[in-house]
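1. Structural data only, the sequence is not supplied:
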């Protein structure tokens, strides 16, 4: 049979956000694939060379609306590394726990998206409803649902509001019960299992070489997590498990993300137990000394890295962002080749696409 | 049993730096060590060979990031290469003259560098020799400029 190229997207239900996938097919079998990105390119890195350091914090939020806090945190951490600024103890605890709330909210967004990808509207609505509980917590904390603008260079914007700890623990107790329901909804759905088990196979060493990181890589049976293996903030003082799965297929990546949500709940509880009263922010200078720094963190989607060059003025000379999805998408053809066209949503959905950070 | 469980064979930061300076002599400069971090400058002629050594002998499995930098009189390419076995990141800075902006591509070694190198070409016009597909990635193919160069004016329309 002759082979042909087929365009999926940019207007395809599988492509959340603006991107496009060209696949070369031989009958039903994919023989080549080429993701196409760049529709959302805003020149973020160039824009940052014309903003001063404090103006960039809210703009870093806009890199990804689903996990905005982890990006503004990464930016603040990079600048702090260059300034050699010590963040107060309590601010580090607050950052750790808000990052985990953000991780749960982001994973729930993915869970909802995979629900629609695989054709169940219930699976879309329920995680979206629970996500709203975490966004409400964020509203109480920072004043906005998604682009929170909460971390600051040298700490966080404000201390926890009254009763926030109580509210969060209530939400967590409720959420863990609901998460078990979601698990049952997916794991006992034979259609979901048939569509995800055994598709999109990618071995661990291959995934590492292709630059896969985060839950996607741990779903390829690689036991690595920056929170444990290159700890930042207070992750070295909390106890958690790095979730992996030996199957290396789409189902494994689903399992890893679900397990990570349980682990995030544990981390948040430990943070509340271990944190003490104290200042949440130190003064930071307007201009940053000349030098270079990089920082990397475990974003909900993978390894987020920022590389900052300062020339001593109040604006960055160069700020490079390494987006996890940018790299994961570049390696996706390896997981797609040899699969059937109908399996594309089940494979690509597990990458948890976010175009804001991919195109920047 | 996971594939990347801690193995007996792993290296310290000092061992890696010593091996690289022994092998590449004066082509390696300004090596600095921090916990879990190595920072060094390398000559562009030895870059590919150095990455090969790191990958094959010292368990640096993943290329995290490739960033282009415009230093006005010359370009730089900065590589961040991670080792999952040794739990460290090495940052390699390579200077590239502005009139011949070329450097060896490390994509044949690290698949993860593929789109990063294309992006550096897209934004700075740095050519990576041996890259399977040296084309623009984020900007349109017919774009005439390299916008992240410092001599590109912000707000200019084409």
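-> Structure received. Values in this document were obtained by computation on a predicted structure and should not be read as measured data.
2. quick one, phi/psi of the closest residue to residue B:98 other than its chain neighbours?
-> Spatial nearest neighbour of residue B:98, excluding adjacent residues (Cβ to Cβ, 6 or more residues apart in numbering or on different chains): residue B:74 at 5.4 Å. Just so you know, the C-beta spots here come from the backbone N, C-alpha and C atoms, and that holds for glycine as well. Backbone torsions of residue B:74, given as degrees, to the nearest 10, read phi -150, psi 170.
3. do the one 3 residues further on as well
-> Backbone torsions of residue B:77, given as degrees, to the nearest 10, read phi -120, psi 130.
4. next one: residue A:156
-> Phi and psi for residue A:156, reported as degrees, to the nearest 10, are phi -130, psi 170.
5. Number of residues surrounding it?
-> Residue A:156 has 25 neighbours, counted by other Cβ atoms under 10 Å in any protein chain shown.
6. so it touches residue A:281, yeah?
-> Yes - in this structure residue A:156 lies within contact range of residue A:281 using Cβ atoms under 8 Å: 6.4 Å.
7. can you tell me which residues contact the residue of chain A found nearest chain B?
-> Nearest residue of chain A to chain B (Cβ to the nearest Cβ) works out as residue A:211 at 2.2 Å. For residue A:211, the contact set (Cβ atoms under 8 Å, 6 or more residues apart in numbering or on different chains) comprises A:327-328, A:330-331, B:62-64, B:110-113.
8. Spell out which parts of chain B neighbour chain A.
-> Contact residues (Cβ under 8 Å from any Cβ of the partner chain) of chain B with chain A: B:1-5, B:36, B:61-65, B:67, B:69-70, B:78, B:80, B:82, B:84, B:87, B:89, B:91, B:110-116, B:123, B:137-140, B:147-148, B:152, B:154.
9. Sitting in strands, which of the residues you listed do you find?
-> Counted as lying in strands by DSSP state E, out of the residues of chain B next to chain A, are B:62-65, B:67, B:69-70, B:78, B:80, B:82, B:89, B:91.
10. Just put the residues you listed in TSV and tack on neighbour count and pLDDT.
-> Formatted as TSV, these follow (neighbours: other Cβ atoms under 10 Å in any protein chain shown; pLDDT from 0 to 100):
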residue	neighbour count	pLDDT
B:62	27	89
B:63	28	89
B:64	25	89
B:65	27	90
B:67	28	90
B:69	23	91
B:70	21	89
B:78	22	92
B:80	23	92
B:82	28	90
B:89	22	90
B:91	21	91
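11. Tell me which two of those residues sit farthest apart.
-> Spatial extent of these (Cβ to Cβ) is set by the pair B:62 and B:70 at 26.1 Å.
12. how deep is residue A:110 tucked in, by neighbour count?
-> Counted with other Cβ under 10 Å, residue A:110 comes out at 25.
13. ok, now which ones touch it?
-> Neighbour list for residue A:110: A:66, A:257, A:352 [criterion: Cβ under 8 Å, 6+ apart].
14. Against residue B:20, how distant is it?
-> Distance, residue A:110 to residue B:20, by Cβ to Cβ, to the nearest Å: 40 Å.
15. host element of the closest residue to residue A:239 other than its chain neighbours?
-> Leaving aside its sequence neighbours, residue A:239 sits nearest to residue A:270 (Cβ to Cβ, 6+ apart; 6.6 Å). Per DSSP states H and E, residue A:270 falls inside helix A:250-274.
16. What values do phi and psi take at the nearest residue to residue A:230 once chain neighbours are set aside?
-> Among residues not flanking residue A:230 along the chain, residue B:36 sits closest, at 5.7 Å (Cβ to Cβ, 6+ apart). Per-residue torsions, residue B:36: phi 60, psi 10 (degrees, to the nearest 10).
17. confidence score at residue 83?
-> No chain specified, so I'll use chain A. Listed pLDDT for residue A:83 reads 88.
18. wrong one, I was asking about chain B
-> 88.
19. In contact with it, which residues?
-> Contacts for residue B:83 (Cβ under 8 Å, 6+ apart) come out as B:54, B:58-62, B:89-90.
20. and which of the residues you listed is nearest to residue A:297?
-> residue B:89 (12.5 Å).
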